[in-house]
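Engineer: Provide a 3D model corresponding to the input given below.
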Amino acid sequence: MKPRIQLQLSLMMFLEFFVWGSWYVTMGIYLPNSLDASGAEIAQAYSTQSWGAIIAPFVIGLIADRYFNAERVLGILHLGGAFLMYQIANATEFGVFHPYILGYMILYMPTLALVNSVSFNQMDDPAKQFSFVRVFGTIGWIVAGLMISYVFHWDSQEGVQSGLLKNTFLMTAVVSVFLGIFCFTLPKTPPTRTSSEKIRIADILGLEALKLLKNKNFLIFFLASVLICVPLAFYYQHAGQFLGEIGVSNPAGKMTIGQGSEILFMLLLPFFFKRFGFKRTMIVAMLAWAVRYMLFAYGNAGELAFLLLLGIALHGICYDFFFVSGQIYTDSKAGKAYKSAAQGLITLATYGIGMLIGFWIAGKITDAYLIEEGGHLWETIWIYPAAFAVFVMLFFMIFFKNEKIEYKS
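Structural biologist: Below you'll find the predicted structure:
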């Protein structure tokens, strides 16, 4: 791969995740403080990610794979997203905000697959080359959080009270315009299928991979993957709100510790996977979810703030050891015939159905522990995802039979 192309792809990844990280973490702070949103309404806003994930395969399978170059579709989606982000920034009530954020996520979620398609199309050895491009996406997310907290101070108590968090959506809109235009300069990635090919919904959604569920071990893994999305939803939806509400300074910046740890544990995963195997790696991940929420339950913005930072830092173990290991396991079980379909099915089940259920449960529980004078009983709230993570861990430990899975890095 030519250095110029690698630079283009790396910048594309950086901007792709910069625009997501610019608003996603702080939306949980913005909605209750600027639009007086309830926990259920915050859940609706975050659930748009799941609806976007459910609809994304249709955008890719029906449009990008058949009629237009991937980089052009990518550019159009980001330009459309820029317009919606501008509208989101100017929404004055949740009833106006929600349809715009839903429209935005329907446009954004397909771009996650498209940036991968554009990248893979330029690589002769994706297994070795892709990680060096994808890591810039995580860096982009980190830079966005650091800018919000330490450059602009939009998530400070003064910034939140004065409505400065609105600027996170405006920043996303501006960067999305640049990214949309930049996409048209990317290497050409033509459709992988002809428009005359018969469209099969089963292929688009990866339903052919349902045959894998006949394997008991894969079925247990599949169910655990859906269930673990409930604790995951609590983190995505309420961690930023929690940190801001209890008075932790620079919450967006501090939450980038999670992305930093994601990079670290991604590098450690091959060693851990080979040394301890798939089952133990997954169990450690689920245990880390439980520990994280217990740290959140008993930490505070004062002398026990280190517990909160440690809980955030566990994100690398929670995410990489479970979801990346799960992708490896799925790939090994699927075989050549169902590789893409199986990955698509797991994505649909987790980021689609699993997260949708998780966001709803998290919103309901958070609303149930709302304090009349303002705020929430966070110590009690965090016990729920911790207990649920333990339940999923025990379910997996008991019913999943250990098997050897090779990790090819």
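Engineer: centre of the chain versus the helix or strand harbouring residue 277, how much separation?
Structural biologist: Element membership for residue 277 (DSSP states H and E) is helix 251-298. Taking the mean of its C-alpha atoms, helix 251-298 sits 15 Å from the chain's own mean (C-alpha atoms, centre = their mean, to the nearest Å).
Engineer: isn't residue 382 right next to residue 289, touching?
Structural biologist: No - using C-beta atoms under 8 Å, residue 382 is not in contact with residue 289, being 11.2 Å away. Quick note: C-beta positions are derived from backbone N, CA and C, even for glycine.
Engineer: identify each buried residue in the host helix or strand of residue 101, please.
Structural biologist: Secondary structure from DSSP H and E places residue 101 in helix 94-120. The neighbour-count check on helix 94-120 (16 or more other C-beta atoms under 10 Å) flags 94, 97-98, 100-119 as buried.
Engineer: count the neighbours of residue 7 for me.
Structural biologist: 12 (other C-beta atoms under 10 Å).
Engineer: three-state assignment of it?
Structural biologist: Three-state call for residue 7 (DSSP: H, G, I helix; E, B strand; the rest coil): helix.
Engineer: how close does it sit to residue 218?
Structural biologist: Taking C-beta to C-beta, to the nearest Å as the measure, residue 7 falls 40 Å from residue 218.
Engineer: just give me the neighbour total for residue 187.
Structural biologist: Counted by other C-beta under 10 Å, the residues lying close to residue 187 total 17.
Engineer: run through the residues that contact it.
Structural biologist: Counting by C-beta atoms under 8 Å, 6 or more residues apart in numbering, residue 187 makes contact with 5, 8, 71, 118, 121-122.
Engineer: and which of the residues you listed is nearest to residue 146?
Structural biologist: Of all those, residue 8 has the smallest distance to residue 146: 23.9 Å, by C-beta to C-beta.
Engineer: does that closest one touch residue 185 like I think?
Structural biologist: Yes - with contact defined as C-beta under 8 Å, residue 8 reaches residue 185; the gap is 7.3 Å.
Engineer: more neighbours, those two?
Structural biologist: Using other C-beta under 10 Å, the more surrounded residue of residue 8 and residue 185 is residue 8, with 21 against 10.
Engineer: domain parsing for the protein?
Structural biologist: The record's domain parsing of the chain by automatic domain parsing lists 1-185, 203-409.
Engineer: average pLDDT across the longest one?
Structural biologist: Pointing back at domain 203-409 there. The average pLDDT within domain 203-409 is 90.
Engineer: one more: the first one?
Structural biologist: When the per-residue pLDDT values of domain 1-185 are averaged, the result is 92.
Engineer: what about it, start to end distance?
Structural biologist: End-to-end distance for domain 1-185, by C-alpha to C-alpha, to the nearest Å: 17 Å.
Engineer: ok so, going back, who has more neighbours out of residue 382 and residue 289?
Structural biologist: residue 289 (29 against 26).
Engineer: tell me how far the closest residue to residue 15 other than its chain neighbours lies from residue 293.
Structural biologist: Computed as C-beta to C-beta, 6 or more residues apart in numbering, the closest residue to residue 15 that is not its neighbour in sequence is residue 179, at 4.3 Å. Counting by C-beta to C-beta, the gap from residue 179 to residue 293 is 34 Å.
Engineer: from residue 47, how far off is residue 246?
Structural biologist: 25 Å.
Engineer: who has more neighbours out of the two?
Structural biologist: Here residue 246 and residue 47 are compared on neighbour count by other C-beta under 10 Å; more neighbours surround residue 47, at 24 against 18.
Engineer: run through the residues that contact the more buried one.
Structural biologist: Going by C-beta under 8 Å, 6+ apart, residue 47 touches 355-356, 359-360.
Engineer: following the helix or strand harbouring it, which helix or strand shows up next?
Structural biologist: Using DSSP H and E, residue 47 maps to helix 39-59. Scanning forward in sequence from helix 39-59 by DSSP H and E, the next helix or strand is helix 70-89.
Engineer: and the contacts of that next one?
Structural biologist: Contacts for helix 70-89 (C-beta under 8 Å, 6+ apart): 19, 23, 59, 63-64, 97, 100-101, 103-104, 107-108, 110-111, 114-115, 117-118, 121, 166-167, 169-170, 172-174, 176-177, 179-184, 186-191.
Engineer: quick one: it to helix 39-59, angle?
Structural biologist: Angle, helix 70-89 to helix 39-59, by axes from the mean of the first three to the mean of the last three C-alpha atoms, to 10 degrees: 160 degrees.
Engineer: neighbours around residue 132, how many?
Structural biologist: 12.
Engineer: is it in a helix, a strand, or coil?
Structural biologist: Under three-state DSSP, residue 132 comes out as helix.
Engineer: quick one: contacts for residue 234?
Structural biologist: Counting by C-beta under 8 Å, 6+ apart, residue 234 makes contact with 293, 358, 362, 381-382, 384-385.
Engineer: in stretch 242-252, what counts as buried?
Structural biologist: 242-246, 248, 250-252.
Engineer: surely residue 317 meets residue 265?
Structural biologist: Yes - if you go by C-beta under 8 Å, residue 317 and residue 265 touch, sitting 5.5 Å apart.
Engineer: these two - which one has more neighbours?
Structural biologist: residue 317 (25 against 22).
Engineer: tell me the contacts of that one?
Structural biologist: Residue 317 neighbours (C-beta under 8 Å, 6+ apart): 261, 265, 284-285, 288.
Engineer: now those residues in TSV, with distance to residue 400?
Structural biologist: Converted to TSV, the contacts of residue 317 look like this (distance: C-beta to C-beta, whole Å):
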residue	distance to residue 400
261	26
265	22
284	14
285	13
288	17
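Engineer: can you pick the most crowded of the residues you listed?
Structural biologist: For these, neighbours tallied by other C-beta under 10 Å; top is residue 285, 26 neighbours.
Engineer: that one: what's it in contact with?
Structural biologist: Going by C-beta under 8 Å, 6+ apart, residue 285 touches 317-322, 325.
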